[in-house]
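S.K.: Show me the folded form of this:
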Amino acid sequence: MARSRSGRAGKASKRVASGGPLRRFAAAALRPALRWLRRAALLFVGLVAFFVGLYAFVNPPGGLYQAAEARRLGGIERQWVPLEAVAPVAARAAVAAEDANFCMHWGLDLDAIRAALSEGGQRGASTITQQVVKNVYLWHGRSWSRKALEALLTPAVELVWSKRRILEVYLNVAEFDAGVFGIEAAARHYFGVSADALTPLQSARLAALLPDPKGRDAAAPSAFVTRRAAAILDGAATIAADGRADCFQNAPD
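M.R.: Numbers count the residues shown, from 1 in each chain. Take a look at the predicted model:
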């Protein structure tokens, strides 16, 4: 009985001994790959931190979508303006149209996401911050890889940028017609005025274009755009009255 146990123990020790070199070889082979992955992860985090921090103060040059449209159309209309050079009602109208709770969330509006899921994805749930991330750092499309990167970058932008900065960048990168980017170019394109001279009605009409800028016209609005603009005007007044514009606009116009 003792010999039998001793024999089994000997066989087990031989199996361990024979498996040891294989395990050591596998571990040695994996170490360079793990080191490469760690370095790649650190590089990615470093690049994210650099560009998120940079664009908190430096105006982004334009994203991949703008570059693609410039190639397709042979050029685009775009002129950067600070938020101070935008009619306050135009800023409120954009927030009312696209993200009424902009001042209340940290980049991802969970209530809007749940509502969108409950409706089977028939309505959008992207916040203004998410749209900034998509237009400045990423590409357009519905791929899961883009949405995953967007979900990672959005809280970082909210952490580093102020709400005023987020809205300022949004108003300068949003598309208002084919090849027309930013509220200054849109104001001149549709109404022949600068962004600081936009009236409430003009502001609401521009905001009504944002979900479908190539299919709608602010200068010759359809019945839908007219109704949508009226609703946006009401929404802009509401967020001014209830404090949901305070994070980007401290005083009424």
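S.K.: use CA for all of it now, contacts and neighbours both
M.R.: Fine.
S.K.: Please determine how far the residue lying closest to residue 136 once chain neighbours are set aside is located from residue 150.
M.R.: Of all residues not flanking residue 136 in the chain, residue 63 sits nearest, at 4.7 Å (C-alpha to C-alpha, 6 or more residues apart in numbering). Residue 63 sits at a distance of 14 Å from residue 150 (criterion: C-alpha to C-alpha, to the nearest Å).
S.K.: any common contacting residues for these two?
M.R.: Counting by C-alpha atoms under 8 Å, 6 or more residues apart in numbering, the residues touching both residue 63 and residue 150 are residue 138.
S.K.: could you pull out the helices for the stretch 151-253 of the chain?
M.R.: Per DSSP state H, counting those that start in this stretch, the stretch 151-253 of the chain carries helices over the ranges 163-173, 183-191, 200-209, 223-241.
S.K.: on that earlier part again, the residue nearest to residue 136: what's it in contact with?
M.R.: With contact set as C-alpha under 8 Å, 6+ apart, residue 63 has these partners: 135-139.
S.K.: Which of these fall in strands?
M.R.: Of the positions in the contacts of residue 63, not one sits in strands, assigned by DSSP state E.
S.K.: Neighbour count, pLDDT and distance to residue 196 for these - can I get that in TSV?
M.R.: Below are the contacts of residue 63 laid out as TSV (neighbours: other C-alpha atoms under 10 Å; pLDDT from 0 to 100; distance: C-alpha to C-alpha, whole Å):
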residue	neighbour count	pLDDT	distance to residue 196
135	21	96	23
136	20	96	24
137	19	95	27
138	18	95	29
139	18	92	30
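S.K.: Take the residues you listed and write them to JSON lines, including distance to residue 81.
M.R.: Output for the contacts of residue 63, formatted as JSON lines (distance: C-alpha to C-alpha, whole Å):
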{"residue": "135", "distance to residue 81": "17"}
{"residue": "136", "distance to residue 81": "16"}
{"residue": "137", "distance to residue 81": "20"}
{"residue": "138", "distance to residue 81": "22"}
{"residue": "139", "distance to residue 81": "23"}
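S.K.: out of those residues, who's nearest residue 59?
M.R.: Minimum distance to residue 59 across the contacts of residue 63 is 10.0 Å, recorded for residue 136 (C-alpha to C-alpha).
S.K.: Surely that closest one and residue 60 touch.
M.R.: Yes - counting by C-alpha atoms under 8 Å, residue 136 touches residue 60, with 6.9 Å between them.
S.K.: what's the nearest residue to residue 53 if we skip its chain neighbours?
M.R.: Nearest one to residue 53, counting by C-alpha to C-alpha, 6+ apart, is residue 160 at 6.6 Å.
S.K.: Run a quick neighbour tally on the one you found.
M.R.: Residue 160 has 16 neighbouring residues, counting by other C-alpha atoms under 10 Å.
S.K.: Which residues are in contact with it?
M.R.: Residue 160 neighbours (C-alpha under 8 Å, 6+ apart): 52-53, 56.
S.K.: out of the residues you listed, who has the most neighbours?
M.R.: Neighbour count (other C-alpha under 10 Å) singles out residue 52 as the most crowded of these, with 21 neighbours.
S.K.: What is the subsequent helix or strand relative to the helix or strand encompassing it?
M.R.: Using DSSP states H and E, residue 52 sits within helix 2-54. Remark: after helix 2-54, the chain's next helix or strand is helix 64-73, criterion DSSP H and E.
S.K.: Listing request: residues of the stretch 51-200 of the chain with sub-threshold pLDDT.
M.R.: Across the stretch 51-200 of the chain, the ranges flagged by pLDDT under 70 are 112-125.
S.K.: rewinding a little: just the ones of the contacts of residue 63 in helices?
M.R.: Cross-referencing the contacts of residue 63 against helices under DSSP state H gives 135-137.
S.K.: ok, so of those residues, who is nearest residue 169?
M.R.: Checking the ones in helices among the contacts of residue 63 against residue 169 with C-alpha to C-alpha, the nearest one is residue 136 at 8.8 Å.
S.K.: residues in contact with the closest one?
M.R.: Residue 136 makes contact with 60, 62-64, 173, according to C-alpha under 8 Å, 6+ apart.
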